[in-house]
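> Have a look; sequence and predicted model below, questions after that.
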Amino acid sequence: MSGEDVEADRDLLLDREAQVEAVEGEGEFGELGRPFDRRSPFRTGLLGGLGVGVAGLVAWAVVSTRQVLILIGLSFFIAVGLEPVVALLMRVRIRRGWAVLLVSLMALALLAGFLAIAIPPLATEVAHFVKLAPRYLQELNNRNSFLGHLNHQYHLEDRLKKALAGGGVGSIATGIVGFGTVVMGFVTQLVFVIVLTIYFLADLPRVTRTLYRLVPRSRRPRAGLLTDEAFARVGGYMLGNLASSVIAGVLTLVWLLIFGIPYPILLSVFVALIDLVPVVGSTIGGIIVALVGLTVSLPVAVATGAYYLVYRVVEDYLIVPKIMNRTVEVPGLVTIIAVLIGGALLGIVGALIAIPIAAMVKLVLEEVTFPRLDDS
(Lines give C-alpha, C1' and ligand atoms only; values in the text may rest on other atoms or scores of the structure.)
Protein backbone atom coordinates (compact mmCIF):
# COMPACT_ATOMS: atom_id res chain seq x y z
CA MET A 1 0.00 0.00 0.00
CA SER A 2 1.39 3.42 -0.97
CA GLY A 3 1.91 6.33 1.38
CA GLU A 4 -1.00 8.23 -0.11
CA ASP A 5 -3.41 5.31 0.62
CA VAL A 6 -2.22 5.11 4.23
CA GLU A 7 -2.74 8.84 4.69
CA ALA A 8 -6.29 8.61 3.22
CA ASP A 9 -7.23 5.76 5.59
CA ARG A 10 -5.93 7.73 8.59
CA ASP A 11 -8.02 10.78 7.61
CA LEU A 12 -11.15 8.62 7.16
CA LEU A 13 -10.64 7.06 10.62
CA LEU A 14 -10.24 10.48 12.23
CA ASP A 15 -13.45 11.69 10.50
CA ARG A 16 -15.32 8.60 11.75
CA GLU A 17 -14.15 9.20 15.34
CA ALA A 18 -15.22 12.84 15.09
CA GLN A 19 -18.72 11.83 13.93
CA VAL A 20 -19.10 9.36 16.82
CA GLU A 21 -18.05 11.99 19.36
CA ALA A 22 -20.48 14.51 17.84
CA VAL A 23 -23.55 12.26 18.26
CA GLU A 24 -22.54 10.72 21.59
CA GLY A 25 -25.47 10.84 24.02
CA GLU A 26 -28.02 11.62 21.29
CA GLY A 27 -28.94 8.10 20.18
CA GLU A 28 -27.18 5.56 18.04
CA PHE A 29 -27.37 7.68 14.89
CA GLY A 30 -27.66 11.10 16.46
CA GLU A 31 -30.51 13.58 16.84
CA LEU A 32 -33.06 14.12 14.10
CA GLY A 33 -32.31 17.06 11.88
CA ARG A 34 -34.58 20.03 11.29
CA PRO A 35 -37.58 19.21 9.05
CA PHE A 36 -37.65 20.45 5.50
CA ASP A 37 -39.40 23.72 4.94
CA ARG A 38 -42.96 22.83 3.94
CA ARG A 39 -43.36 26.23 2.36
CA SER A 40 -40.50 25.56 -0.02
CA PRO A 41 -41.53 26.43 -3.60
CA PHE A 42 -39.87 23.25 -4.86
CA ARG A 43 -41.81 21.06 -2.40
CA THR A 44 -45.09 22.84 -3.17
CA GLY A 45 -44.57 22.52 -6.91
CA LEU A 46 -43.56 18.88 -6.62
CA LEU A 47 -46.62 17.94 -4.55
CA GLY A 48 -48.88 19.96 -6.85
CA GLY A 49 -47.49 18.23 -9.91
CA LEU A 50 -47.89 14.82 -8.29
CA GLY A 51 -51.50 15.68 -7.39
CA VAL A 52 -52.30 16.70 -10.95
CA GLY A 53 -50.62 13.55 -12.24
CA VAL A 54 -52.59 11.31 -9.89
CA ALA A 55 -55.85 13.07 -10.80
CA GLY A 56 -55.07 12.63 -14.49
CA LEU A 57 -54.24 8.97 -13.95
CA VAL A 58 -57.53 8.39 -12.12
CA ALA A 59 -59.47 10.21 -14.85
CA TRP A 60 -57.73 8.14 -17.53
CA ALA A 61 -58.50 4.93 -15.64
CA VAL A 62 -62.18 5.88 -15.28
CA VAL A 63 -62.49 6.74 -18.98
CA SER A 64 -60.67 3.57 -20.04
CA THR A 65 -62.86 1.33 -17.88
CA ARG A 66 -66.05 3.35 -18.44
CA GLN A 67 -67.97 0.49 -20.03
CA VAL A 68 -67.03 -1.96 -17.28
CA LEU A 69 -67.88 0.55 -14.55
CA ILE A 70 -71.29 1.12 -16.15
CA LEU A 71 -71.98 -2.63 -16.14
CA ILE A 72 -70.84 -2.89 -12.52
CA GLY A 73 -73.12 -0.02 -11.51
CA LEU A 74 -76.04 -1.55 -13.40
CA SER A 75 -75.46 -4.91 -11.71
CA PHE A 76 -75.37 -3.27 -8.30
CA PHE A 77 -78.64 -1.40 -8.92
CA ILE A 78 -80.34 -4.58 -10.11
CA ALA A 79 -79.12 -6.41 -7.01
CA VAL A 80 -80.40 -3.64 -4.75
CA GLY A 81 -83.72 -3.73 -6.60
CA LEU A 82 -84.05 -7.49 -6.06
CA GLU A 83 -83.08 -7.24 -2.40
CA PRO A 84 -86.70 -6.66 -1.20
CA VAL A 85 -87.71 -10.00 -2.77
CA VAL A 86 -84.82 -11.74 -1.02
CA ALA A 87 -85.75 -10.07 2.27
CA LEU A 88 -89.36 -11.22 1.81
CA LEU A 89 -88.24 -14.81 1.36
CA MET A 90 -85.97 -14.54 4.41
CA ARG A 91 -88.96 -13.46 6.51
CA VAL A 92 -90.55 -16.85 5.86
CA ARG A 93 -87.45 -18.55 7.35
CA ILE A 94 -85.53 -19.19 4.12
CA ARG A 95 -81.78 -18.79 4.44
CA ARG A 96 -80.24 -15.99 2.42
CA GLY A 97 -78.26 -18.31 0.16
CA TRP A 98 -81.39 -20.24 -0.82
CA ALA A 99 -83.38 -17.01 -1.20
CA VAL A 100 -80.78 -15.58 -3.57
CA LEU A 101 -80.78 -18.84 -5.52
CA LEU A 102 -84.59 -18.81 -5.85
CA VAL A 103 -84.69 -15.18 -6.99
CA SER A 104 -81.88 -15.76 -9.49
CA LEU A 105 -83.60 -18.84 -10.89
CA MET A 106 -86.89 -16.95 -11.26
CA ALA A 107 -85.17 -14.10 -13.13
CA LEU A 108 -83.31 -16.52 -15.40
CA ALA A 109 -86.53 -18.44 -16.02
CA LEU A 110 -88.24 -15.23 -17.17
CA LEU A 111 -85.35 -14.49 -19.53
CA ALA A 112 -85.32 -18.04 -20.89
CA GLY A 113 -89.09 -17.94 -21.34
CA PHE A 114 -88.86 -14.76 -23.38
CA LEU A 115 -86.12 -16.25 -25.58
CA ALA A 116 -88.16 -19.43 -26.03
CA ILE A 117 -91.13 -17.34 -27.15
CA ALA A 118 -89.09 -15.00 -29.34
CA ILE A 119 -86.60 -17.20 -31.21
CA PRO A 120 -88.96 -19.63 -33.05
CA PRO A 121 -91.19 -16.91 -34.57
CA LEU A 122 -88.15 -14.86 -35.58
CA ALA A 123 -86.54 -17.86 -37.27
CA THR A 124 -89.83 -18.66 -39.01
CA GLU A 125 -90.22 -15.09 -40.22
CA VAL A 126 -86.67 -14.97 -41.57
CA ALA A 127 -87.23 -18.18 -43.52
CA HIS A 128 -90.60 -16.87 -44.72
CA PHE A 129 -89.01 -13.60 -45.87
CA VAL A 130 -86.29 -15.44 -47.81
CA LYS A 131 -88.96 -17.59 -49.46
CA LEU A 132 -91.06 -14.55 -50.48
CA ALA A 133 -88.12 -12.34 -51.50
CA PRO A 134 -88.72 -12.87 -55.28
CA ARG A 135 -92.37 -11.87 -54.81
CA TYR A 136 -91.37 -8.68 -53.00
CA LEU A 137 -89.01 -7.82 -55.88
CA GLN A 138 -91.88 -8.21 -58.34
CA GLU A 139 -94.11 -5.97 -56.23
CA LEU A 140 -91.41 -3.29 -56.28
CA ASN A 141 -91.92 -2.98 -60.03
CA ASN A 142 -95.73 -2.93 -59.73
CA ARG A 143 -96.86 0.65 -59.18
CA ASN A 144 -100.32 -0.49 -58.12
CA SER A 145 -98.95 -2.26 -55.03
CA PHE A 146 -97.92 -0.60 -51.78
CA LEU A 147 -94.26 -1.57 -52.21
CA GLY A 148 -94.34 -0.41 -55.83
CA HIS A 149 -95.70 2.97 -54.77
CA LEU A 150 -92.90 3.35 -52.20
CA ASN A 151 -90.34 2.27 -54.78
CA HIS A 152 -91.63 4.79 -57.32
CA GLN A 153 -91.58 7.60 -54.78
CA TYR A 154 -88.31 6.86 -52.95
CA HIS A 155 -86.43 4.76 -55.56
CA LEU A 156 -85.83 1.91 -53.15
CA GLU A 157 -84.70 -0.57 -55.80
CA ASP A 158 -82.05 1.80 -57.23
CA ARG A 159 -80.69 2.57 -53.76
CA LEU A 160 -80.54 -1.12 -52.91
CA LYS A 161 -78.65 -1.90 -56.13
CA LYS A 162 -76.20 0.97 -55.51
CA ALA A 163 -75.60 -0.23 -51.95
CA LEU A 164 -74.93 -3.77 -53.10
CA ALA A 165 -72.78 -2.66 -56.05
CA GLY A 166 -70.76 -0.20 -53.97
CA GLY A 167 -70.06 -2.58 -51.14
CA GLY A 168 -69.83 -5.85 -52.97
CA VAL A 169 -69.49 -9.23 -51.38
CA GLY A 170 -66.71 -8.00 -49.12
CA SER A 171 -68.95 -5.31 -47.66
CA ILE A 172 -71.72 -7.81 -47.01
CA ALA A 173 -69.26 -10.19 -45.36
CA THR A 174 -67.90 -7.34 -43.25
CA GLY A 175 -71.42 -6.40 -42.22
CA ILE A 176 -72.20 -9.98 -41.22
CA VAL A 177 -69.00 -10.22 -39.20
CA GLY A 178 -69.71 -6.88 -37.57
CA PHE A 179 -73.24 -7.96 -36.68
CA GLY A 180 -71.89 -11.17 -35.19
CA THR A 181 -69.37 -9.19 -33.15
CA VAL A 182 -72.12 -6.94 -31.81
CA VAL A 183 -74.25 -9.94 -30.87
CA MET A 184 -71.34 -11.66 -29.13
CA GLY A 185 -70.49 -8.46 -27.27
CA PHE A 186 -74.08 -8.10 -26.11
CA VAL A 187 -74.23 -11.72 -24.94
CA THR A 188 -70.92 -11.31 -23.10
CA GLN A 189 -72.14 -8.17 -21.35
CA LEU A 190 -75.43 -9.84 -20.48
CA VAL A 191 -73.66 -12.81 -18.90
CA PHE A 192 -71.33 -10.42 -17.05
CA VAL A 193 -74.27 -8.46 -15.62
CA ILE A 194 -76.14 -11.63 -14.60
CA VAL A 195 -73.14 -13.17 -12.82
CA LEU A 196 -72.14 -9.93 -11.11
CA THR A 197 -75.73 -9.26 -10.03
CA ILE A 198 -75.91 -12.67 -8.35
CA TYR A 199 -72.63 -12.01 -6.54
CA PHE A 200 -73.79 -8.57 -5.42
CA LEU A 201 -77.11 -10.00 -4.26
CA ALA A 202 -75.40 -12.76 -2.27
CA ASP A 203 -72.87 -10.40 -0.63
CA LEU A 204 -75.06 -7.31 -0.27
CA PRO A 205 -74.95 -7.32 3.57
CA ARG A 206 -71.16 -7.45 3.48
CA VAL A 207 -71.07 -4.67 0.87
CA THR A 208 -73.29 -2.44 3.01
CA ARG A 209 -71.14 -3.10 6.09
CA THR A 210 -68.09 -2.04 4.09
CA LEU A 211 -69.87 1.14 3.04
CA TYR A 212 -70.75 1.85 6.68
CA ARG A 213 -67.07 1.58 7.69
CA LEU A 214 -66.20 4.38 5.27
CA VAL A 215 -68.21 6.70 7.52
CA PRO A 216 -66.86 8.02 10.86
CA ARG A 217 -67.92 5.82 13.78
CA SER A 218 -70.06 8.48 15.42
CA ARG A 219 -72.16 8.88 12.25
CA ARG A 220 -72.53 5.22 11.28
CA PRO A 221 -75.99 4.65 12.84
CA ARG A 222 -77.51 7.58 10.93
CA ALA A 223 -75.60 6.66 7.77
CA GLY A 224 -76.92 3.10 8.08
CA LEU A 225 -80.52 4.29 8.32
CA LEU A 226 -80.08 6.59 5.33
CA THR A 227 -78.45 3.82 3.29
CA ASP A 228 -81.26 1.39 4.12
CA GLU A 229 -83.84 3.98 3.09
CA ALA A 230 -81.96 4.66 -0.17
CA PHE A 231 -81.85 0.93 -0.96
CA ALA A 232 -85.56 0.67 -0.15
CA ARG A 233 -86.30 3.45 -2.64
CA VAL A 234 -84.24 1.70 -5.31
CA GLY A 235 -86.26 -1.44 -4.69
CA GLY A 236 -89.45 0.60 -4.89
CA TYR A 237 -88.33 2.03 -8.20
CA MET A 238 -87.71 -1.46 -9.56
CA LEU A 239 -91.17 -2.58 -8.49
CA GLY A 240 -92.78 0.59 -9.87
CA ASN A 241 -90.96 0.26 -13.17
CA LEU A 242 -92.03 -3.38 -13.38
CA ALA A 243 -95.65 -2.37 -12.71
CA SER A 244 -95.65 0.21 -15.52
CA SER A 245 -94.07 -2.32 -17.87
CA VAL A 246 -96.74 -4.90 -17.05
CA ILE A 247 -99.41 -2.28 -17.83
CA ALA A 248 -97.76 -1.56 -21.19
CA GLY A 249 -97.56 -5.26 -22.02
CA VAL A 250 -101.19 -5.96 -21.13
CA LEU A 251 -102.51 -2.99 -23.11
CA THR A 252 -100.36 -4.00 -26.07
CA LEU A 253 -101.76 -7.54 -25.94
CA VAL A 254 -105.33 -6.18 -25.96
CA TRP A 255 -104.60 -3.90 -28.93
CA LEU A 256 -102.92 -6.66 -30.94
CA LEU A 257 -105.74 -9.10 -30.33
CA ILE A 258 -108.37 -6.55 -31.37
CA PHE A 259 -106.71 -5.76 -34.71
CA GLY A 260 -105.36 -9.23 -35.44
CA ILE A 261 -101.70 -8.26 -35.56
CA PRO A 262 -99.54 -11.43 -35.63
CA TYR A 263 -97.44 -12.69 -32.71
CA PRO A 264 -99.40 -10.87 -29.99
CA ILE A 265 -97.77 -12.70 -27.06
CA LEU A 266 -94.25 -12.20 -28.38
CA LEU A 267 -94.78 -8.52 -29.11
CA SER A 268 -96.51 -7.93 -25.77
CA VAL A 269 -93.63 -9.48 -23.84
CA PHE A 270 -91.16 -7.50 -25.93
CA VAL A 271 -92.98 -4.22 -25.26
CA ALA A 272 -93.11 -5.02 -21.53
CA LEU A 273 -89.35 -5.65 -21.45
CA ILE A 274 -88.35 -2.66 -23.58
CA ASP A 275 -90.69 -0.46 -21.55
CA LEU A 276 -88.38 -1.02 -18.56
CA VAL A 277 -86.25 1.68 -20.18
CA PRO A 278 -87.96 4.96 -19.22
CA VAL A 279 -89.08 7.51 -21.81
CA VAL A 280 -87.58 5.82 -24.90
CA GLY A 281 -88.69 2.24 -24.20
CA SER A 282 -92.33 2.66 -25.14
CA THR A 283 -91.33 4.58 -28.29
CA ILE A 284 -89.05 1.81 -29.54
CA GLY A 285 -91.68 -0.81 -28.76
CA GLY A 286 -94.38 1.21 -30.54
CA ILE A 287 -92.27 1.60 -33.70
CA ILE A 288 -91.60 -2.13 -33.91
CA VAL A 289 -95.23 -3.07 -33.28
CA ALA A 290 -96.37 -0.54 -35.90
CA LEU A 291 -93.95 -2.05 -38.43
CA VAL A 292 -95.37 -5.51 -37.73
CA GLY A 293 -98.81 -3.99 -38.19
CA LEU A 294 -97.85 -3.30 -41.83
CA THR A 295 -98.28 -7.02 -42.46
CA VAL A 296 -102.00 -6.51 -41.78
CA SER A 297 -102.62 -3.20 -43.54
CA LEU A 298 -101.35 0.34 -43.73
CA PRO A 299 -104.31 1.79 -41.75
CA VAL A 300 -103.70 -0.69 -38.93
CA ALA A 301 -100.03 0.30 -38.81
CA VAL A 302 -100.89 4.01 -38.75
CA ALA A 303 -103.50 3.45 -36.04
CA THR A 304 -100.99 1.43 -34.01
CA GLY A 305 -98.42 4.21 -34.30
CA ALA A 306 -100.99 6.78 -33.18
CA TYR A 307 -102.02 4.54 -30.27
CA TYR A 308 -98.44 4.30 -29.02
CA LEU A 309 -97.95 8.04 -29.44
CA VAL A 310 -100.92 8.67 -27.17
CA TYR A 311 -99.85 5.94 -24.75
CA ARG A 312 -96.35 7.41 -24.61
CA VAL A 313 -97.74 10.74 -23.45
CA VAL A 314 -100.06 9.06 -20.93
CA GLU A 315 -97.27 6.85 -19.58
CA ASP A 316 -94.61 9.54 -19.31
CA TYR A 317 -96.81 12.23 -17.81
CA LEU A 318 -99.41 10.25 -15.87
CA ILE A 319 -98.62 6.59 -15.17
CA VAL A 320 -94.88 6.74 -14.47
CA PRO A 321 -94.93 9.96 -12.38
CA LYS A 322 -97.85 8.62 -10.30
CA ILE A 323 -96.16 5.27 -9.66
CA MET A 324 -92.72 6.76 -9.03
CA ASN A 325 -94.12 9.40 -6.70
CA ARG A 326 -95.54 6.61 -4.53
CA THR A 327 -92.65 4.14 -4.70
CA VAL A 328 -89.57 6.40 -4.69
CA GLU A 329 -91.24 9.69 -3.67
CA VAL A 330 -89.79 11.58 -6.62
CA PRO A 331 -91.97 14.28 -8.23
CA GLY A 332 -93.00 13.79 -11.84
CA LEU A 333 -90.98 16.75 -13.10
CA VAL A 334 -87.82 15.46 -11.41
CA THR A 335 -88.50 11.99 -12.85
CA ILE A 336 -88.62 13.25 -16.42
CA ILE A 337 -85.60 15.55 -16.01
CA ALA A 338 -83.55 12.79 -14.36
CA VAL A 339 -84.32 10.32 -17.14
CA LEU A 340 -83.40 12.84 -19.84
CA ILE A 341 -80.09 13.72 -18.17
CA GLY A 342 -79.25 10.08 -17.41
CA GLY A 343 -79.99 9.04 -20.98
CA ALA A 344 -77.86 11.87 -22.37
CA LEU A 345 -74.91 10.89 -20.15
CA LEU A 346 -74.96 7.07 -20.19
CA GLY A 347 -77.56 6.06 -22.75
CA ILE A 348 -80.03 3.32 -21.86
CA VAL A 349 -78.19 2.39 -18.66
CA GLY A 350 -78.26 6.02 -17.55
CA ALA A 351 -81.99 6.21 -18.19
CA LEU A 352 -82.49 3.04 -16.13
CA ILE A 353 -80.61 4.24 -13.06
CA ALA A 354 -81.48 7.94 -13.29
CA ILE A 355 -84.66 7.77 -11.19
CA PRO A 356 -83.18 5.83 -8.22
CA ILE A 357 -80.17 8.15 -8.22
CA ALA A 358 -82.56 11.11 -8.16
CA ALA A 359 -84.34 9.47 -5.23
CA MET A 360 -81.03 9.10 -3.36
CA VAL A 361 -80.06 12.71 -4.05
CA LYS A 362 -83.47 13.87 -2.84
CA LEU A 363 -83.07 11.82 0.36
CA VAL A 364 -79.62 13.30 1.09
CA LEU A 365 -80.88 16.83 0.44
CA GLU A 366 -83.88 16.40 2.74
CA GLU A 367 -82.06 14.64 5.58
CA VAL A 368 -78.58 16.19 5.50
CA THR A 369 -78.20 19.32 3.37
CA PHE A 370 -81.45 21.17 4.05
CA PRO A 371 -81.36 20.70 7.89
CA ARG A 372 -77.80 22.08 8.02
CA LEU A 373 -78.77 25.05 5.86
CA ASP A 374 -81.81 25.70 8.04
CA ASP A 375 -79.67 25.69 11.19
CA SER A 376 -76.92 27.88 9.73
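Nice, I can see it.

> Return the set of buried residues in stretch 355-367.
Of the residues in stretch 355-367, those buried under the neighbour-count criterion (16 or more other CB atoms under 10 Å) are I355, P356, I357, A358, A359, M360, K362, L363. Any C-beta I mention is one placed from the backbone N, CA and C, and that applies to glycine too.

> And the residues you listed, which two are furthest apart?
Pairwise distances across the buried residues of stretch 355-367 peak at 12.8 Å for I355 and L363 (criterion: CB to CB).

> Counting by contacts, list what the helix or strand hosting T335 packs against.
Mapping T335 onto the secondary structure by DSSP states H and E places it in helix 332-364. The contact analysis (3 or more CB pairs under 8 Å, 6 or more residues apart in numbering; DSSP states H and E) places helix 332-364 against helix 66-91, helix 220-259, helix 280-293, helix 320-327.

> Dump these into JSON lines; add mean pLDDT as well.
Compiled in JSON lines, the helices and strands packed on helix 332-364 are given as follows (pLDDT from 0 to 100):
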{"stretch": "helix 66-91", "mean pLDDT": "84"}
{"stretch": "helix 220-259", "mean pLDDT": "82"}
{"stretch": "helix 280-293", "mean pLDDT": "83"}
{"stretch": "helix 320-327", "mean pLDDT": "68"}
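
> okay if I get those as JSON lines plus distance to L115 and mean neighbour count?
What follows is the helices and strands packed on helix 332-364, written out as JSON lines (distance: least, CB to CB, whole Å; neighbours: other CB atoms under 10 Å):
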{"stretch": "helix 66-91", "distance to L115": "18", "mean neighbour count": "17"}
{"stretch": "helix 220-259", "distance to L115": "16", "mean neighbour count": "18"}
{"stretch": "helix 280-293", "distance to L115": "17", "mean neighbour count": "20"}
{"stretch": "helix 320-327", "distance to L115": "27", "mean neighbour count": "19"}
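
> what about those helices, which gets the closest to I337?
Scanning these with CB to CB as the criterion, the closest one proves to be helix 320-327, at 11.5 Å.

> Give me the helices and strands touching whichever strand or helix holds R206, please.
According to DSSP H and E, R206 maps onto helix 204-213. Packed against helix 204-213, as judged by 3+ CB pairs under 8 Å, 6+ apart, are the following elements: helix 66-91, helix 220-259.

> Turn those helices into CSV, including distance to R312.
CSV is the format used below for those (distance: least, CB to CB, whole Å):
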stretch, distance to R312
helix 66-91, 24
helix 220-259, 10
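
> who wins for proximity to Y199 among those helices?
By CB to CB (comparing all of the helices and strands packed on helix 204-213), the closest turns out to be helix 66-91, at 8.2 Å.

> In contact with L346, which residues?
When contacts are counted by CB atoms under 8 Å, 6 or more residues apart in numbering, L346 is found next to I70, I353.

> so how far is V277 from it?
Applying CB to CB, to the nearest Å, the value for L346 to V277 is 12 Å.

> ok, now A290?
If you measure A290 against V277 using CB to CB, the figure is 18 Å.

> ok, now L82?
Per CB to CB, L82 is found 18 Å from V277.

> Around G342, how many other residues sit close by?
A count of neighbours around G342, defined by other CB atoms under 10 Å, yields 23.

> now I261
For I261, the tally of surrounding residues (other CB under 10 Å) stands at 21.

> Isn't it up against A303?
No - in this structure, I261 sits apart from A303 without contact. The criterion is CB atoms under 8 Å, and the distance is 10.4 Å.

> shared neighbours of these two, which are they?
Counting by CB under 8 Å, 6+ apart, the shared contacts of I261 and A303 are G293.

> Ends of stretch 365-374, what's the gap?
12 Å (CA to CA, to the nearest Å).
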